[in-house]
Every structure is written in C-alpha cells, then in structure tokens.
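Pasted the sequence and its predicted model underneath.
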Amino acid sequence: PVPHTARFGPSDTLPCHAALPTGLDPRDTDSTNNRRRLGEQADTLAERFRAAGYATLAVTSAKHMNHPWSGLGQGFDRMAWPSVERDRSAPESVALLREWMQEYRDQPLFIWLHLYDAHRPYEPPALHTLHHYPTERDPRSDSLPLPNGPLPPHLKGVRDLDYVRALYQGEVSHLDAELGALLAHERMAQAIVAVTGDHGESLGEQGLWWDHVSLYPSVLHVPLLLRWPGGPAGLEIDEPVQNSGLGRTLLGLAGLPAQDFPGTDLRRFLEEDVPTHPRFAWGEDAHALSVTHAGWHLVMHLHVECIKPELTTTDLLRDHALELFNLRADPACATDLSQVEPGRTAELGERLLSWVEGAQRTLAEVQHTDADGLELLAALGYGGSGEGGVPHGVDLEQVRALLAPFRDN
C-alpha cells in the first residue's frame with residue numbers, strides 16, 4: 001500500500017463524490033451541496049472503464065447516494081443503493097458486492113464501494129468500541145464532570161466526550177475490518193485499489209462537535225491509500241495531495257488513456273523534489289473557501305448558516321471573517337495569525353481569489369427542492385444552507401473586501 005494524505009472540498013457528501021469520478025473541483029462541477037445532481041454530460045471514470053471493456057459495479061450505503069438524486073451512477077452497469085427506510089451497513093454492502101463479483105468472474109471489473117458507517121450517529125459494534133475505550137470506565141458515571149461540549153441526542157446522559165470519540169474510532173476500526181476481509185478476496189490479489197474518504201469529522205476542534213462543517217483540517221484532511229501490482233510496498237508520502245487526481249491516476253495504472261482526463265496523476269509524488277501547488281477547497285454552498293500551501297492554511301468564512309447551533313460551543317465562526325494558520329506549528333488551527341502575517345495573508349488570499357475567478361464549466365444538472373428529498377437529507381443531518389435552500393454563489397466583492405486590509409500592508 002502507498003498511503004497519501006489528501007485535501008479535498010467541500011464538506012458535503014455529493015460534491016466530494018462528484019469530484020472523484022470527474023477529476024474536477026466542486027468549483028467546476030457546480031455540485032456544491034447535497035441537493036445538486038451531477039449532470040449526464042459529465043465525463044466519468046466509470047464511463048472510461050466501461051468503454052475499455054470493464055464491467056462497472058457500484059454499491060453505495062447512504063440513501064441520498066441513489067442515482068436519481070445524485071447522478072453518481074453514470075457509467076455503471078449496475079448500481080445498488082439502500083431503501084429510503086434506512087442506510088445500509090458495511091457488512092451488508094460488502095456482502096452484496098461479493099455476490100456481484102461472483103457473477104462477473106470472467107470479466108475485468110471496475111468497482112465503486114461506498115461505506116457510510118463512520119458518520120454521525122456513531123454506533124459501531126461493541127467489539128470495535130472496546131479497542132478504544134476502557135471496559136471498566138462508565139461514560140455516564142455521576143462522578144464525572146459535566147461535558148464541556150454538546151452531545152448527540154441519542155447519547156443523552158454521557159459525561160465523557162472521549163467515549164463519543166471512541167465510538168467514532170470504533171466505526172473506523174469496523175470499516176477497516178470489513179475492507180480487510182474484502183481485500184483478501186481472490187479477485188483483489190492483483191487489483192488496483194484506492195481507499196479514501198470524502199470528508200473528515202470535527203471532534204471538538206474549533207468548538208465544532210460531531211459534524212463536518214467549515215474548511216478546517218479536521219474536515220479536509222482525509223486518508224488516501226493506493227495499491228497496485230508492482231507498486232512500492234509500505235511507502236508513505238507526507239505531502240498532501242488532492243483527491244481530484246485519483247481518477248487520472250487509476251486510468252494510468254490500468255494502462256488506459258488519461259491525457260485528456262482532468263486532475264494530476266498522483267504517481268508524480270513518487271519522484272523526488274516534486275514542486276507543490278496550492279490546494280483549494282470550496283465549502284457547502286460557498287459558505288467558506290480555503291487555500292493550503294507550504295504549511296499555511298487560510299480560510300474565509302463568507303456565511304455560516306450551515307453551522308448547527310446544537311453542535312457548536314464556539315463563537316469563532318463569524319460571517320465575513322478570515323483566518324490564517326501555521327499548520328506546522330499549530331496543526332489544530334487554534335491561533336489565527338492573519339494580523340501577525342498580513343503579507344502572507346494577502347498572498348494566499350490573492351491565490352484563492354484567482355482560483356475562484358477561474359471556474360470553467362458547470363456539470364450540475366438540477367437543484368432538488370422536493371420536500372421528501374430535503375426531509376431525507378435533514379434526517380441524515382444535512383440541512384440546507386441559504387434562504388429557501390438556494391445555494392450561495394461566491395460574492396467576489398465580499399472576498400476582495402476581506403482581503404483589502406491586508407493588501408494595504
């Protein structure tokens with residue numbers, strides 16, 4: 001395996017997943033929230049592999065990942081998603097995929113497996129929670145002080161927030177076990193494999209709890225592992241990359257034409273002295289923008305309606321605010337250095353503004369507004385941003401106004 005770390009935005013599920021098969025940032029797909037469907041005109045990874053003779057299979061585990069709502073089934077011969085009653089667990093999704101793999105024993109396969117368990121509410125099998133929380137400790141003991149942060153509604157009475165973090169870690173361990181068993185399948189022995197995530201989770205950083213909002217490293221920084229026949233074993237690359245390059249990388253590893261597919265082949269990071277480039281992120285409905293480069297992270301909060309009041313203890317997130325962090329000295333992004341580093345703030349801000357101005361195409365096909373679909377998203381914890389669920393575009397004048405005080409220094 002060749003693990004990378006990846007930066008990738010925004011913090012909503014569908015925009016992140018739209019970037020994976022297209023190689024395009026949410027800025028260019030215009031898929032900027034969970035209500036916008038990827039259009040049929042998109043050139044997707046599944047279409048490329050199907051055209052090359054692969055059987056293309058997709059198994060997803062979250063209700064809103066269905067093709068009619070998301071458009072993410074484009075190019076797949078078969079796609080399964082759960083019913084509206086509940087999401088599908090990892091064991092169920094893996095079992096279904098195994099059944100399908102048996103049916104296609106004589107064909108090369110392109111597979112997308114989406115697992116959803118490591119998502120609020122955190123309810124892992126008890127076995128995996130035990131690895132991360134002492135059995136002798138009672139997280140609801142009256143002897144413990146009251147928690148210093150909010151609790152998910154279904155964990156009423158819990159006083160130890162480390163227990164909630166252990167539940168999240170247990171979900172991740174559970175998924176590790178399920179994927180490990182799948183990768184032991186004979187069809188996987190010589191397979192090209194990529195394992196990644198669409199977003200991280202805030203577990204108290206910046207006063208945000210049990211959710212994935214804004215564009216701090218806790219949300220943007222996700223794992224990326226690659227394995228392919230003949231690839232270097234056990235090599236770890238510390239330099240963060242972007243998930244939007246994954247599609248082009250998989251095409252190249254499979255020996256398929258990739259020159260006209262967007263993104264950067266991530267194998268370039270195997271070379272020495274590869275120049276690094278800024279990594280940009282676009283928050284849900286453009287509620288925030290960020291740029292990360294050379295150990296520095298700048299984030300602009302343009303509007304914060306997406307922040308759920310019941311899941312925050314902070315007043316740090318304000319409309320029309322700008323923050324700068326030194327990731328090497330302050331990886332948790334606790335100290336804003338924008339006023340101390342006005343020149344660096346202006347430089348990164350200008351890069352971010354230029355990137356926003358460079359949007360090239362729109363692939364989002366429709367903005368869903370039907371009540372049933374929006375109710376489904378609300379049940380999953382995805383509320384709509386903006387008035388009436390209408391997405392915000394980036395107000396470039398607002399961005400320029402945020403930068404103006406730093407340009408003058």
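Perfect, I can see it now. Residues are numbered from 1 along each chain as shown.

Now Leu353: which helix or strand?
Here Leu353 is covered by helix 342-357, with elements defined by DSSP states H and E.

contacting residues around that helix?
27, 278, 280, 289-291, 293, 296, 298, 300, 322, 324, 338, 394, 396, 399-400, 402-403, 405-407, 409 (C-beta atoms under 8 Å, 6 or more residues apart in numbering). Heads up, the C-betas are built off the backbone N, CA and C, glycines and all.

Using PDB, write out every CA atom in it.
Output of helix 342-357 as PDB, limited to C-alpha atoms (Å, rounded to 0.1, in the frame of the first residue of the first chain):
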ATOM      1  CA  PRO A 342      -0.500  40.400   6.800                       C
ATOM      2  CA  GLY A 343       1.800  39.800   3.800                       C
ATOM      3  CA  ARG A 344       1.300  36.100   3.800                       C
ATOM      4  CA  THR A 345      -2.400  36.500   4.300                       C
ATOM      5  CA  ALA A 346      -2.600  38.800   1.300                       C
ATOM      6  CA  GLU A 347      -0.500  36.500  -0.900                       C
ATOM      7  CA  LEU A 348      -2.600  33.400  -0.100                       C
ATOM      8  CA  GLY A 349      -5.800  35.400  -0.400                       C
ATOM      9  CA  GLU A 350      -4.900  36.600  -3.900                       C
ATOM     10  CA  ARG A 351      -4.200  33.000  -4.900                       C
ATOM     11  CA  LEU A 352      -7.600  31.900  -3.600                       C
ATOM     12  CA  LEU A 353      -9.400  34.800  -5.400                       C
ATOM     13  CA  SER A 354      -7.700  33.900  -8.700                       C
ATOM     14  CA  TRP A 355      -8.800  30.300  -8.300                       C
ATOM     15  CA  VAL A 356     -12.400  31.300  -7.600                       C
ATOM     16  CA  GLU A 357     -12.400  33.500 -10.700                       C
END
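
In that helix, which residues are buried?
Buried positions in helix 342-357, judged by neighbour count with 16 or more other C-beta atoms under 10 Å: Pro342, Arg344, Thr345, Ala346, Glu347, Leu348, Gly349, Arg351, Leu352, Leu353, Trp355, Val356.

For that helix, give the mean pLDDT please.
Average pLDDT, helix 342-357: 94.

just how off-centre is the helix or strand that contains Ser93 within its chain?
Assigned by DSSP H and E, Ser93 falls within helix 90-103. Relative to the centre of its chain, helix 90-103 is centred 24 Å away, using C-alpha atoms, centre = their mean, to the nearest Å.

And that helix, what does it pack against?
Counting contacts by 3 or more C-beta pairs under 8 Å, 6 or more residues apart in numbering; DSSP states H and E, helix 90-103 is packed against strand 55-59, strand 109-113, helix 161-183.

weakest of the ones you listed by average pLDDT?
With a mean of 94, helix 161-183 has the lowest mean pLDDT of these.

Please save the CA atoms from it in PDB.
Once non-C-alpha atoms are left out, helix 161-183 reads as follows in PDB (Å, rounded to 0.1, in the frame of the first residue of the first chain):
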ATOM      1  CA  LEU A 161     -16.700  13.000  25.500                       C
ATOM      2  CA  ASP A 162     -13.800  10.600  25.000                       C
ATOM      3  CA  TYR A 163     -16.400   7.900  24.900                       C
ATOM      4  CA  VAL A 164     -18.100   9.600  21.800                       C
ATOM      5  CA  ARG A 165     -14.700   9.900  20.200                       C
ATOM      6  CA  ALA A 166     -14.100   6.200  20.900                       C
ATOM      7  CA  LEU A 167     -17.400   5.400  19.200                       C
ATOM      8  CA  TYR A 168     -16.200   7.200  16.100                       C
ATOM      9  CA  GLN A 169     -12.800   5.400  16.300                       C
ATOM     10  CA  GLY A 170     -14.800   2.200  16.600                       C
ATOM     11  CA  GLU A 171     -16.700   2.900  13.400                       C
ATOM     12  CA  VAL A 172     -13.400   3.400  11.600                       C
ATOM     13  CA  SER A 173     -12.000   0.200  13.000                       C
ATOM     14  CA  HIS A 174     -15.200  -1.600  12.000                       C
ATOM     15  CA  LEU A 175     -14.700  -0.400   8.400                       C
ATOM     16  CA  ASP A 176     -11.100  -1.400   8.400                       C
ATOM     17  CA  ALA A 177     -12.000  -4.900   9.300                       C
ATOM     18  CA  GLU A 178     -14.700  -5.100   6.600                       C
ATOM     19  CA  LEU A 179     -12.400  -3.700   3.900                       C
ATOM     20  CA  GLY A 180      -9.600  -6.000   5.100                       C
ATOM     21  CA  ALA A 181     -11.800  -9.000   4.600                       C
ATOM     22  CA  LEU A 182     -12.900  -7.800   1.100                       C
ATOM     23  CA  LEU A 183      -9.300  -7.200   0.100                       C
END
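
Just list whatever residues bridge to His221.
Beta bridges link His221 to Arg7 when assigned by DSSP bridges.

OK, contacts around Leu45?
Leu45 neighbours (C-beta under 8 Å, 6+ apart): Leu20, Pro21, Thr22, Gly23, Gly75, Phe110, Gly247, Leu250, Leu251, Phe261.

any chance of the helices and strands packed on helix 90-103 in CSV, plus mean neighbour count and distance to Gly204?
Compiled in CSV, the helices and strands packed on helix 90-103 are given as follows (neighbours: other C-beta atoms under 10 Å; distance: least, C-beta to C-beta, whole Å):
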stretch, mean neighbour count, distance to Gly204
strand 55-59, 23, 33
strand 109-113, 20, 30
helix 161-183, 19, 7
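
Which among these is found nearest to Ser143?
Ranking the helices and strands packed on helix 90-103 by proximity to Ser143 (C-beta to C-beta) places helix 161-183 first, at 14.2 Å.

Neighbouring strands of the following helix or strand past that closest one in the sheet, and parallel or not?
Sequence-wise, the next helix or strand downstream of helix 161-183 (DSSP H and E) is strand 193-196. Strand 193-196 has the following strand partners under DSSP bridges: strand 221-227 (antiparallel).

so can I have TSV of the helices and strands packed on helix 90-103 showing distance to Asn148?
Supplementary listing: the helices and strands packed on helix 90-103 in TSV, determined by distance: least, C-beta to C-beta, whole Å:
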stretch	distance to Asn148
strand 55-59	40
strand 109-113	37
helix 161-183	7
